[in-house]
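S.K.: Let's see this in three dimensions:
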Amino acid sequence: MKKSVIVILEYAFVYSFIQFDAVFVLQDVKATYFLGICYENGWGVELNEVMSATLYETAAGAGHAEAQYNLGVFYEAGRGGKTQLE
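M.R.: Next comes the predicted model:
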């Protein structure tokens, strides 16, 4: 990939993170889920699976299906400090 394309993509991730973070403050469930994705993948922010799992847990508790799925994946793999329930 050309360097200019990579810079544009990095800018887009940072901009998206800022937007999701702003909406998260307003307690939007979709924004909470997408902010979890940003933390899981390190998009616009330092990768942090614990924060990602926490955000997925919040969105899952509000009924967001994709967040419930991602949280289940975290539990199954022991990611983000989550472990399978006995």
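
S.K.: low-confidence ranges in this protein?
M.R.: The chain contains residues with pLDDT under 70 at 1-26, 84-86.

S.K.: mind listing the strands in it by residue range?
M.R.: Counting by DSSP state E, the chain has no strands at all.

S.K.: what ranges do the helices span in it?
M.R.: 3-25, 29-41, 49-61, 65-77 (DSSP state H).

S.K.: Output the contacting helices and strands for the last one.
M.R.: So the one you mean is helix 65-77. helix 29-41, helix 49-61 (3 or more C-beta pairs under 8 Å, 6 or more residues apart in numbering; DSSP states H and E). Glycine gets a C-beta too; all of them are placed from N, C-alpha and C.

S.K.: Could you export those to CSV, including columns for distance to N70 and mean neighbour count?
M.R.: Below are the helices and strands packed on helix 65-77 laid out as CSV (distance: least, C-beta to C-beta, whole Å; neighbours: other C-beta atoms under 10 Å):
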stretch, distance to N70, mean neighbour count
helix 29-41, 7, 21
helix 49-61, 5, 21
